[in-house]
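# Have a look at this prediction, sequence included:
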Amino acid sequence: MNPRPGWARRRALFAAVFPVAVFLGAAAVFIALLILNFKNRALYFDSWAHAAFYFVLPAALLVAVTAALFLPVAARLAVALSLTAAVPTIYGAELYLAAKRFGNGAATRAGANFDAREKLQILIDLRRKGRDAFPATYVRSLLRDDGNGELVPALAGDAPLLPLAGMPDATLVVCNETGQWMIHRSDPHGFLNPPDAWNLPPRAVLIGDSFVHGHCVESEQTLAAHLARRLGRVLNLGNGGDGPLAELATLREYAEPLRPPAVLWVFYEGNDLTKDFASEWRAPILRAYLDDSGFRQNLMARRGEIAVRLRRHLDEKLTETMARIDHPFELWFDILQIYHLRESLGLGVAALGIIEGNLDENIARFARVLDAAARSVRGWGGQLIFVYLPDGERYFGAIKNNPVRERIRRSVLAIARAANLPVVDLDTVLAAAPDPAGLYVFPGAHLNAEGYALVAAAIAGAPAARLAVGSRRVQNR
């Protein structure tokens, strides 16, 4: 019995249209990759292998899908169906990795029950119990677009105010990578330190981003806590999301008045120059710390004002502020972009060449920032020690030799050495570990407790750190 004419026509239409749609979609992906790689071509012509991977391979795939348009109908349909079948396979792997890393697998490794609540629900539950709970705030979560391409402080008030830490003296909900939420009590200035940390002069101050702040481990397992057990009083001035300008501002506002013998500046290869710096550069209040060595917001003296204005801002615009960092659909956006699979392959955003701003420009600006920081520390007789923290993709990614990471590494280490700074290169420590990938909670996450302990031992054992912390060269005002 012959099929009905209508069904035959629909089948013929499908066989004609479906392969064309699939091939054109695939061609669009390869063209986008070629455009992106051409934009970053200066990074990829350092070797024939990189040129082949970033240009020859996507060009060959583009030619292949274009040529497939001219195959016989049956062959064209078979190839299109094969390509289409790869999509659920890829997203199946992505969903598996996401579930494994953010679900019960991560919690089991941490020896805890998985807490599936969203951050907002955690805040609500804590407040119901009478806790003064707030989300940890990044500097960029407290900036808003002024409509002219610049970022200005979002806190309402008579004078601009940009806090560089979280809500002072409050319960802060930070992050969940192990299956349990990291919740801690902030110190009088909004950082993660013991309650009495500001009572005595510190022997060393830590400057950096979320790795310095302590994401996502218990307070006694952070980098600062490990260093304090080895070096004595260590003040943690790290905050999640900080880039070079926010770190310079933090140094000027909080480290300079204390005049510590040593300042440990922890640079993170993963996003300091490829993501955080560009948005900070759009903020005139942050650029002012670089352009004017005397600029200050006097944040230490404005602790009460910060608490009042930040509390009011978060009470009025809690979800809006959180969405700048923790979008409610962030996990699904990540899955759509096959984030977890790409991280496992060593193809994170920066590795693909997706960089906010111009990398060469960011590197040149960073040289200015580090020079300004070094001059500030030397001005009070202290020692700035530069700590290079590599991107974890170097150890857990299938593709480890990435031109973007190597360009950042060579340039930044050269800048630090040109500024006559002692350098602690943690790559040599992490790479020498029996299982470097096992030092992270999961690919794309922060270090685990073992990882923080290892890098703390390396930093504390560096001759420059021992010498600076043990010295008494700090001048009195």
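Great, that's in hand.
# C-alpha from now on. contacts and neighbour counts both.
Fine.
# As a check, name the ranges of all helices in the stretch 101-250 of the chain.
104-110, 119-128, 210-213, 223-231, 244-250 (DSSP state H, counting those that start in this stretch).
# Give the other helices and strands that the host helix or strand of Arg9 contacts.
Following DSSP states H and E, one finds Arg9 within helix 5-39. Helices and strands touching helix 5-39, by 3 or more Cα pairs under 8 Å, 6 or more residues apart in numbering; DSSP states H and E, are helix 57-68, helix 73-102.
# Averaged pLDDT, the shortest one. What do you get?
Per-residue pLDDT over helix 57-68 has a mean of 91.
# Who are the packing partners of it?
Secondary elements touching helix 57-68 (3+ Cα pairs under 8 Å, 6+ apart): helix 5-39.
# what angle sits between the helix it packs on and helix 73-102?
Here the directions of helix 5-39 and helix 73-102 differ by 60 degrees (axes from the mean of the first three to the mean of the last three Cα atoms, to 10 degrees).
# Give the other helices and strands that the helix or strand just after helix 5-39 contacts.
Later in the chain than helix 5-39, the nearest helix or strand by DSSP H and E is helix 41-44. The contact analysis (3+ Cα pairs under 8 Å, 6+ apart) places helix 41-44 against helix 403-418.
# can you rerun that using 10 Å?
helix 5-39, helix 48-51, helix 403-418 (3 or more Cα pairs under 10 Å, 6 or more residues apart in numbering; DSSP states H and E).
# quick one: contacts of it?
34-35, 37-38, 50-55, 353, 359, 402-407 (Cα atoms under 10 Å, 6 or more residues apart in numbering).
# residues contacting the residue positioned nearest the centre of the chain?
Geometric centre of the chain, nearest residue: Asn271, 4.9 Å, by Cα atoms, centre = their mean. Taking Cα under 10 Å, 6+ apart, we find Asn271 in contact with 209, 241-243, 277, 349-350, 355-356, 391.
# And for Leu57?
30, 34, 51, 63.
# Equivalent analysis for Glu218, please.
Applying Cα under 10 Å, 6+ apart to Glu218 gives the contacts 180-184, 225, 448-449.
# Go again with 7 Å.
Met182 (Cα atoms under 7 Å, 6 or more residues apart in numbering).
# Can you tell me how far it is from Thr178?
11 Å (Cα to Cα, to the nearest Å).
# next one: Pro244
For Pro244 relative to Thr178 (Cα to Cα), the value is 28 Å.
# Then Leu61?
Leu61 is 39 Å from Thr178, by Cα to Cα.
# These two - which one has more neighbours?
Thr178 (28 against 16; other Cα atoms under 10 Å).
# Next, give phi and psi for the more buried one.
Note on Thr178: backbone dihedrals following degrees, to the nearest 10 are phi -100, psi -10.
# Just the pLDDT for it.
Looking at Thr178, the pLDDT reads 85.
# residues touching Val349, list them.
Val349 neighbours (Cα under 7 Å, 6+ apart): none.
# A strand includes it, no?
No: secondary structure of Val349 (DSSP: H, G, I helix; E, B strand; the rest coil): coil, not part of a strand.
# Distance-wise, check it relative to Trp48.
From Val349 to Trp48 the distance is 22 Å (Cα to Cα).
# now Met322
44 Å.
# Which one's more surrounded, these two?
Met322 (20 against 10).
# Flag every buried residue along whichever helix or strand that one is part of.
Per DSSP H and E, Met322 falls inside helix 318-323. Using 16 or more other Cα atoms under 10 Å as the test for burial, helix 318-323 gives 321-322.
# And stretch 73-92, by the same measure?
76-77, 79-80, 91.
# mean confidence score for that stretch?
87.
# can you map out the strands along the stretch 151-300 of the chain?
In the stretch 151-300 of the chain, strands defined by DSSP state E, counting those that start in this stretch lie at 151-153, 171-173, 183-185, 204-207, 234-236, 262-268, listed in chain order.
# where's the fifth one relative to the chain centroid, distance-wise?
Chain-centre distance of strand 234-236: 21 Å, with Cα atoms, centre = their mean, to the nearest Å.
# which helices and strands does that strand pack with?
strand 204-207, helix 223-231 (3 or more Cα pairs under 7 Å, 6 or more residues apart in numbering; DSSP states H and E).
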